[in-house]
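Asker: Fold the following and give me the result.
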Amino acid sequence: MRNQRADLKAPAAMLIIGTGLAAANFLGQGINAAIPTEIVAIISAVGFYLLGRSDSDMGAMISRRPDERQESIKTRARTVAATAMALVAVAGCWTEIALKGAYWQFQVVAVTGGASFLAALAFYTARDARQASGPDAGHQQRSPVSR
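Answerer: Residues are numbered from 1 along each chain as shown. I've put the predicted structure just below:
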């Protein structure tokens, strides 16, 4: 029997974040902007819940019960998403510079992405080096996510 709470984590996070966005819209632009945002948040959360309960690759990944192949797919999807976000941040920065607008927001996104990538490289490189020089140094370990 699978954990029923795992089915609710992604939809709950979507609903909380969406409600936060709706609250920000309400404070900044009024109720007419907040209502559509909250409707989208509710529909998205319900959709994620239903998808997470399905017996499919997407359902397994959303409800945190993936196998090794699905974990590999999820890792590749994160890579594509991060690359797309970085490209949009750079394109937004260029556009705002060309329009002589404020572009610091795009710089923050791009710098945060780049810095987190470098920090992750340093962390995982150091961790792998420690594992390689540990008591099992002669044994080859398999990655938890193999391609």
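
Asker: Go ahead and confirm residue 12 touches residue 48.
Answerer: No. Counting by CB atoms under 8 Å, residue 12 sits too far from residue 48 to count as a contact (9.4 Å). Glycine gets a C-beta too; all of them are placed from N, C-alpha and C.

Asker: Look at these two and report which has more neighbours.
Answerer: Taking neighbours as other CB atoms under 10 Å, residue 12 and residue 48 compare with residue 48 leading, 23 against 14.

Asker: Please give the element, helix or strand, for that one.
Answerer: helix 31-53 (DSSP states H and E).

Asker: what's the domain layout of the protein?
Answerer: 1-66, 67-134 (automatic domain parsing).

Asker: distance between the first one and the chain's centre?
Answerer: Between the mean C-alpha location of domain 1-66 and the chain-wide mean there is a distance of 13 Å, by CA atoms, centre = their mean, to the nearest Å.

Asker: Check the longest one too.
Answerer: Distance of domain 67-134 from the chain centroid (CA atoms, centre = their mean) equals 11 Å.

Asker: Right, I'll leave it there.
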